[in-house]
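1. here is a sequence together with a model predicted from it:
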Amino acid sequence: MTILALTINGREHGPREVRDDLTMNDFLREYLGMTGTKFGCGAAQCLSCAVIVDNADGTSYTSPTCIVPARSFDGKAIRTVEGHASNGELTALQKAFINHFAFQCGYCTAGFLNEAQVLLERLARKPVARAELEQTIAEALDGHICRCTGYIKYHEAVRDVVLADPQRYLA
Amino acid sequence: MKSETRFQIFASVAALTLSGLTGYAASQPVSNTLASPDSFASIADTDARSAAIFTELGKVLTNPRCVNCHPAGDRPRQTDQSRLHQPPVARGVDGHGTETMRCSICHGDANFDPGRMPGHPEWHLAPREMAWEGKTLAEICAQIKDPARNGGRKVEDLIHHIGTDTLVGWAWKPGFGRSPAPGTQQQAGALVDAWVKTGAACPAG
């Protein structure tokens, strides 16, 4: 058993005792009831389970949760799909996903949303040239599997958000 | 359906199943052991003995547990079948992944069998110049002796690297669903030691 304490969507959770063999995905879904984070392939190959991990220096990255022990998140701050909207107001990215009809079944959406959000924040820190944008988006979303084949729509949605605020995201 | 017909179908299915199982067994590695250096004592010619010892060590070096992280490209491989790593990852500048996809995001300090995840505190790819994938054992041998392509090591350093390094040692404790490298790390280290002491000769071809 391990003592786990972490911050999720700005709210502290724990400390609480968890099994060493408990995955982060089970911790979120079964212990906390946060079912927005999906369990897909169970092998980190579809990334529908990805959450955002925030570093102390202001940078972030996504991490799968299905194959990673919950205890490895001790002391960390993460964001899940439940943490994007504020007071019921969707983010520009969430609205773009809807406007582009990017998802159908929606199972992969949380992973794509988190990945795209990390990309936007990275671009805000390190803007890229317009000519590099398409490849940058493609590389960022690479690895996320959508069985409804919404890849192009996700890509276009992210592009729209970037192009709507070029001074923020483009060099 | 007549009972005779049912029996014929049953017998055919049983024969096919048995045939399949036999084929499966035949496709499995014959041996997962390593011969000791002493096994090569009867080879009088020192160079030939040294090359034979390296060939035995080659069972380890060409094993998926090793080659998967000594890939020819920038993307590691995984599983006993050496499939391309999924999700797509790349070595990055330091071999520990790209800025946004570090190896350590998924690979923890130790194997996490509930998630089928291999792990080690220093999980990373071997440098590009140490790629073994697709190479013959002779090519790997020449490469492993070349300081420019072996991390600046003398051949003597390889005894420790292969024999005691804990990341290399993971190959013998790879966790659920992955076959370990042949023999033991200690046996592999003994082979390297014997190979070095016999002149570190390489096999032909």
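-> Sure thing, it's come through.

2. does the longest helix seen in chain A come close to chain B?
-> Across chain A, the longest stretch assigned as helix under DSSP state H is helix A:109-125. Yes - applying Cβ under 8 Å from any Cβ of the partner chain, one finds helix A:109-125 touching chain B at A:118, A:122. C-betas here are computed from N, CA, C, even on glycine.

3. what is that helix packed up against?
-> Based on contacts counted as 3 or more Cβ pairs under 8 Å, 6 or more residues apart in numbering or on different chains; DSSP states H and E, the elements that helix A:109-125 packs against are strand A:51-54, strand A:60-63, helix A:92-99, helix A:130-141, helix A:151-164, helix A:166-169.

4. what angle do the longest one and helix A:130-141 make?
-> It refers to helix A:151-164. Interaxial angle, helix A:151-164 versus helix A:130-141 (axes from the mean of the first three to the mean of the last three Cα atoms, to 10 degrees): 130 degrees.

5. how is chain A divided into domains?
-> The record's domain split for chain A, according to automatic domain parsing, is A:2-82, A:92-169.

6. and those domains as JSON lines, adding distance to residue B:118, mean neighbour count and mean pLDDT?
-> As requested, these are arranged in JSON lines below (distance: least, Cβ to Cβ, whole Å; neighbours: other Cβ atoms under 10 Å in any protein chain shown; pLDDT from 0 to 100):
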{"stretch": "domain A:2-82", "distance to residue B:118": "10", "mean neighbour count": "19", "mean pLDDT": "96"}
{"stretch": "domain A:92-169", "distance to residue B:118": "18", "mean neighbour count": "18", "mean pLDDT": "96"}
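
7. closest one to residue B:108 among the ones you listed?
-> Nearest to residue B:108 among these is domain A:2-82; the distance by Cβ to Cβ comes to 5.2 Å.

8. please see if the closest one touches chain B.
-> Yes - shown here: domain A:2-82 in contact with chain B (Cβ under 8 Å from any Cβ) through A:21-23, A:42-45, A:47, A:53, A:61-64, A:66-69, A:72.

9. any idea how far the nearest residue to residue A:101 once chain neighbours are set aside is from chain B?
-> Sequence neighbours aside, residue A:153 is the residue nearest to residue A:101 in space, at 6.2 Å (criterion: Cβ to Cβ, 6 or more residues apart in numbering or on different chains). Look at residue A:153 and chain B: by Cβ to the nearest Cβ, to the nearest Å, they are 20 Å apart.

10. pretty sure residue A:153 contacts residue A:99?
-> No - Residue A:153 sits out of contact with residue A:99 when judged by Cβ atoms under 8 Å, with a separation of 9.6 Å.

11. which of the residues of domain A:2-82 next to chain B fall in strands?
-> With DSSP state E as the criterion, strands contain A:53, A:61, A:62, A:63 from among these.

12. one step back: in TSV: the domains of chain A, plus distance to residue B:51.
-> As requested, the domains of chain A are arranged in TSV below (distance: least, Cβ to Cβ, whole Å):
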stretch	distance to residue B:51
domain A:2-82	41
domain A:92-169	43
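
13. for the residue nearest in space to the middle of chain B, phi and psi?
-> Nearest residue to the geometric centre of chain B (Cα atoms, centre = their mean): residue B:63, 2.3 Å. Main-chain torsions, residue B:63, degrees, to the nearest 10: phi -70, psi 140.

14. which stretches of chain B have low pLDDT?
-> Scanning chain B for pLDDT under 70 picks out the ranges B:1-31.

15. rewinding a little: who touches the residue nearest to the centre of chain B in this structure?
-> Counting by Cβ atoms under 8 Å, 6 or more residues apart in numbering or on different chains, residue B:63 makes contact with B:171, B:181, B:182.

16. correct me, but the first one touches residue B:184?
-> No - counting by Cβ under 8 Å, residue B:171 stays clear of residue B:184, with 10.3 Å between them.
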